[in-house]
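> pasting the structure only:
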């Protein structure tokens, strides 16, 4: 959080009078920062060069002292700017205010110099009027950034020191909200300043220098815009400090399911008395009710498409619509624990690996070390082959399940105990990257808050935007086993044919492969291989996009897929698909989008482990 805060700050440091304008606000995107900062500093440097250049042009009429004065003032301004930046980076409120005061003086001095008769005379020359206007515009932007960004940020540092963020094993909601509000407040100001910088026109070929930096800034707007989308969601998730309970479900991709994986262990995020803390993880069997509560209202369509699996909450993830799955989990948790649930967050082992890349390694009670390079393979493959091989005892499965719960617990405990506010941007990146590929999904009970989840792209919902069509390609293993490690899902989409009504038709090929080797088969016990000696068996679901249709469905093994509707989407499905080791099933089909849709067809798929082998 803090890194965000101070990085925003870094672009910010430009000022002209006005002290301690202490509104606490703040907003920010990670990379934009450095570029904006550089941008503003460069702008000032350019202004200096420009002024010196003008001096050369008027050498004949200019006293050397005038040139020397403004040159020296420019050096001071640049140094003062650097000091503002350093103070912000150090999250030192007093130093930031002092540096802003010095910057104000430097700006006053340059402006006073530009008011002198010589410069006023130069200003009357049409050729130079625009140049001096540009310099003054740059100076005013420096001033604005100092007063609208650097000072408000320092005011928040002063009132809410980051040292107060951690409270025992939790986080102070008031401090978090102060920085989220600051980010929200200064983000549009940063936008405006950067935009204005790009409009400044400088002489002597110096615009190319500005445009180089503009391009860099523009290239960062992607992640910047993402942050804008996530900020309201983070604020909603944190709330105002009143009590909330969220489930944190660790999905096991080795037991792969349409919406991710079997929720092997479930923990909590609780907000109590203004403090956010992460609770222990327990086996799903101890946390969720055995039977799906009647309040969930399982529909006839769900029974048809997902079979009897919807009768047990832990198996609801045969449904690829995470919003529905999470709702069922929340009801099942409430029924068993008599505690209301405000939302659900799903994590996969891939997310744990990415998180360990920033927080460091953790060691499990059996001595296994998990790192940012090996965690997914260790959790989804190595531990199974260590404890559940061909010689394993029947109780070993429970032991491994407990190691999973322990993994989630120690990872979250390390995140909290070693929380480094300077890495807030890194933690955010793990979250935002995971949201893009269904390895982080979220559901909020409140409809307005859920709209923010959808807007941020992490709802794990089915395609409901006909303008951005996606075909859903999902698989759920239905046999108790750990063969998800060996499943590949590869989807190819042809170039579209545009139809007379403005719709587009694509040929799609979805290939489901079982990569289990002879060696892995020989060394595995039944707990890994399941009931069919390593053959992956399960359900295939393939969805049309919103407003579109699916047709011409063929399976390479000659089987037939059935069709139905779910959430207003056409869906093709088949139970009991068998994929032997080393073989695959290919499904070819055609997708036709809604008419007038020009965006290309995308794919929304069950996240497999194929990139971690």
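That came through fine. Please read these numbers as outputs of a predicted model, since none were measured by experiment. Residues are numbered from 1 along each chain as shown.
> tell me what whatever helix or strand residue 102 lives in is packed against?
Per DSSP states H and E: residue 102 is located in helix 93-114. Under the contact definition 3 or more CB pairs under 8 Å, 6 or more residues apart in numbering; DSSP states H and E, helix 93-114 sits against helix 64-89, helix 126-145, helix 151-159. Every C-beta, even on glycine, is put in place using the N, C-alpha and C of the backbone.
> most tightly packed of the ones you listed?
Burial among these, expressed as mean neighbours by mean count of other CB atoms under 10 Å, is greatest for helix 151-159, which shows a mean of 24.
> and the helices and strands packed on helix 93-114, which one's lowest on average pLDDT?
When the helices and strands packed on helix 93-114 are compared on average pLDDT, helix 64-89 comes out lowest at a mean of 76.
> helices or strands up against it?
When contacts are defined as 3+ CB pairs under 8 Å, 6+ apart, helix 64-89 packs onto helix 2-11, helix 30-57, helix 93-114, helix 151-159.
> for the stretch 401-550 of the chain, what spans make up the strands?
440-444, 470-477, 487-493, 497-498, 504-514, 536-543, 549-555 (DSSP state E, counting those that start in this stretch).
> so which of the helices and strands packed on helix 93-114 comes closest to residue 414?
Each of those was checked against residue 414 via CB to CB, and the shortest separation belongs to helix 64-89, namely 25.6 Å.
> next, the angle helix 93-114 makes with that closest one.
Following axes from the mean of the first three to the mean of the last three CA atoms, to 10 degrees, one obtains 160 degrees for the angle between helix 64-89 and helix 93-114.
> helix 64-89 vs helix 126-145, what angle?
30 degrees.
> how close does the spatially most central residue of the chain get to residue 143?
With distances taken as CA atoms, centre = their mean, the residue of the chain nearest its centroid is residue 432 (0.9 Å). Using CB to CB, to the nearest Å, one obtains 33 Å as the distance from residue 432 to residue 143.
> show me the shaky parts of this structure.
Applying pLDDT under 70 to the chain flags the ranges 1-64, 66-67, 202-229.
> what's the domain layout of it?
Following automatic domain parsing, one finds the domains of the chain at 2-238, 244-444, 462-612.
> next one: the second one to chain centre, how far?
So that's domain 244-444. Chain-centre distance of domain 244-444: 18 Å, with CA atoms, centre = their mean, to the nearest Å.
> burial count for the residue nearest to residue 370 when sequence neighbours are not counted?
Once flanking residues are discounted, residue 370 sits nearest to residue 362: 5.3 Å by CB to CB, 6 or more residues apart in numbering. Applying other CB atoms under 10 Å, we find 22 residues neighbouring residue 362.
> ok, residue 362 - contacts?
Shown here is residue 362, whose contacts under the criterion CB atoms under 8 Å, 6 or more residues apart in numbering are 356, 369, 370, 407, 410, 411, 414.
> want to try CSV for these, with neighbour count and distance to residue 486 as columns?
As requested, the contacts of residue 362 are arranged in CSV below (neighbours: other CB atoms under 10 Å; distance: CB to CB, whole Å):
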residue, neighbour count, distance to residue 486
356, 22, 24
369, 11, 24
370, 23, 21
407, 25, 21
410, 16, 27
411, 23, 25
414, 16, 30
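> straight-line length of stretch 480-487, end to end?
For stretch 480-487, the first-to-last residue distance is 15 Å (CA to CA, to the nearest Å).
> which SSE is the closest residue to residue 448 other than its chain neighbours in?
Beyond its immediate neighbours in the sequence, the residue positioned closest to residue 448 (CB to CB, 6+ apart) is residue 236, lying 7.8 Å away. Residue 236 belongs to helix 207-238 when elements are defined using DSSP H and E.
> what about the residue found closest to residue 528 once you drop the neighbours it is linked to in the chain, neighbour count?
What sits nearest to residue 528 in space, not counting adjacent residues and going by CB to CB, 6+ apart, is residue 482, at 4.6 Å. The tally of other residues near residue 482 (other CB under 10 Å) stands at 27.
> ditto for residue 373
Number of residues near residue 373 (other CB under 10 Å) recorded here: 12.
> quick check, it in a helix?
No. Counting by DSSP: H, G, I helix; E, B strand; the rest coil, one finds residue 373 to be coil, located in no helix.
> quick one: it and residue 354, what's the gap?
Shown here: residue 373 relative to residue 354, a distance of 11 Å by CB to CB.
> got it, and residue 277?
As for residue 277, its distance to residue 354 is 22 Å (criterion: CB to CB).
> between those two, which is the more surrounded one?
When neighbours are counted by other CB under 10 Å, residue 354 comes out ahead of the other of residue 277 and residue 354, with 22 against 16.
> for that one, which non-adjacent residue is spatially closest?
Once its chain neighbours are removed from consideration, residue 354 has its nearest residue in residue 430; the separation is 4.6 Å (CB to CB, 6+ apart).
> what residues are up against the one you found?
Residues in contact with residue 430 (CB under 8 Å, 6+ apart) are 351, 354, 355, 358, 440.
> again, only this time at 10 Å
For residue 430, the contact set (CB atoms under 10 Å, 6 or more residues apart in numbering) comprises 347, 350-359, 423, 439-440.
> for those residues, which one is nearest residue 139?
Within the contacts of residue 430, the smallest distance to residue 139 is 35.1 Å, found for residue 423 (CB to CB).
> now the helices for the stretch 301-450 of the chain?
Remark: helices of the stretch 301-450 of the chain, listed N- to C-terminal, are 322-337, 349-359, 375-377, 383-387, 396-417, 424-436, 447-455; assignment by DSSP state H, counting those that start in this stretch.
> so can I have CSV of these showing distance to residue 273?
Conversion of the helices of the stretch 301-450 of the chain to CSV gives the following (distance: least, CB to CB, whole Å):
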stretch, distance to residue 273
helix 322-337, 20
helix 349-359, 26
helix 375-377, 34
helix 383-387, 38
helix 396-417, 17
helix 424-436, 23
helix 447-455, 21
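> how about those helices, which one is nearest residue 84?
Among those, the nearest to residue 84 by CB to CB is helix 424-436 (20.4 Å).
> what angle separates the closest one from helix 349-359?
Going by the same axes, to 10 degrees, helix 424-436 is angled at 170 degrees with respect to helix 349-359.
> mind listing what's buried in helix 424-436?
By 16 or more other CB atoms under 10 Å, the buried positions in helix 424-436 come out as 424, 425, 426, 427, 428, 429, 430, 431, 432, 434, 435.
> could I get the domains of the chain as JSON lines with distance to residue 453?
Below are the domains of the chain laid out as JSON lines (distance: least, CB to CB, whole Å):
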{"stretch": "domain 2-238", "distance to residue 453": "6"}
{"stretch": "domain 244-444", "distance to residue 453": "5"}
{"stretch": "domain 462-612", "distance to residue 453": "13"}
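> end to end, how far does stretch 590-606 reach?
End-to-end distance for stretch 590-606, by CA to CA: 20 Å.
> can you give me the buried ones in it?
By neighbour count, with 16+ other CB under 10 Å as the criterion, the buried positions of stretch 590-606 are 590, 591, 592, 593, 594, 597, 601, 604, 605, 606.
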